[in-house]
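[1] Test case, fold it:
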Amino acid sequence: MGYWKSKVLPKIKKIFEKSGTKKTAAAEACKSFDDSKEEINKDFEAKKDELQPKVIEIYEASSTEIKTLVKEPKEAGLKNSTAVQKFLDELVKIEFPGSKAVCEASSKYGPGLVSGPVLFLFEKVSTFIVTEENEEELPPPTTNTTGEEEASGKEKEIVIEEEKKEEVAVMVEEREATEAVAAAAEPAKP
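    Predicted coordinates for the structure are as follows:
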């Protein structure tokens with residue numbers, strides 16, 4: 001029993017303490033990042049116009065896992081640490097605000113332990129992506145309008161309005177009929 005306590009148990013404790021110190025160091029890195037968020041937001045707003053094309057280019061070149069993670073940042077999506085780390089490295093190359101500190105912390109401790117800062121960066125990246133996708137979804141304005149198309153559109157509007165008026169008239173008639181029946185059913189008061 002003495003050999004177990006003196007030789008084996010200390011080695012086991014060392015193994016488990018390393019992961020504990022790693023977690024505390026990651027927590028400290030997250031805390032220091034949280035303290036600098038305000039400054040990162042200011043830098044982000046200042047460089048927003050010049051960063052947008054670069055970020056969209058990096059986003060388009062990334063894997064579908066990263067694209068879904070950027071659109072919907074979730075801690076569960078940080079499991080693929082190599083893809084996340086590669087994306088963070090690309091953000092560092094374009095000097096995205098806050099990406100250098102997050103990339104260093106992520107490479108030391110893993111994206112799972114510094115999930116707060118990583119998700120914060122992904123949310124900032126998603127502001128560029130959402131803007132770009134909305135522009136693509138909007139149909140281009142058509143300049144080819146003829147008098148027939150306009151007339152058919154107006155006719156459709158008139159038909160729809162007439163149908164609505166007919167429905168309202170039917171509802172009013174039904175209500176009046178119901179009230180008349182209810183009034184007739186009530187006995188006359190002396």
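
[2] low-confidence ranges in the protein?
    17-21, 77, 80, 130-175, 177-190 (pLDDT under 70).

[3] in it, which spans are helices?
    2-3, 9-35, 37-61, 64-71, 81-93, 99-109, 115-137, 147-185 (DSSP state H).

[4] Buried residues, the fifth one. List them.
    It refers to helix 81-93. A83, V84, Q85, F87, L88, E90, L91, V92 (16 or more other CB atoms under 10 Å). Heads up, the C-betas are built off the backbone N, CA and C, glycines and all.

[5] Next, count neighbours for the nearest residue to L78 once chain neighbours are set aside.
    Residue nearest to L78 in three dimensions, not counting chain neighbours: P111, with 4.4 Å by CB to CB, 6 or more residues apart in numbering. A total of 26 residues lie near P111 under the criterion other CB atoms under 10 Å.

[6] dump the residue contacts of P111.
    Neighbouring residues of P111 by CB atoms under 8 Å, 6 or more residues apart in numbering: L78, S81, V84, Q85, L88, V118.

[7] Also N41?
    P97.

[8] if we can go back for a sec, of the contacts of P111, which is the nearest to Q52?
    Using CB to CB, L88 comes nearest to Q52 of the contacts of P111, at 18.3 Å.

[9] count of neighbours near the closest residue to that closest one other than its chain neighbours?
    Among residues not flanking L88 along the chain, C103 sits closest, at 4.2 Å (CB to CB, 6+ apart). Using other CB under 10 Å, C103 has 25 other residues around it.

[10] And for M1?
    The burial count for M1: 5, using other CB under 10 Å.

[11] The one 3 residues further on now?
    Applying other CB under 10 Å, we find 8 residues neighbouring W4.

[12] From S81, how far out is it?
    36 Å (CB to CB, to the nearest Å).

[13] likewise L113?
    Separation of L113 from S81 (CB to CB): 10 Å.

[14] same deal with Q52?
    For Q52 relative to S81 (CB to CB), the value is 27 Å.
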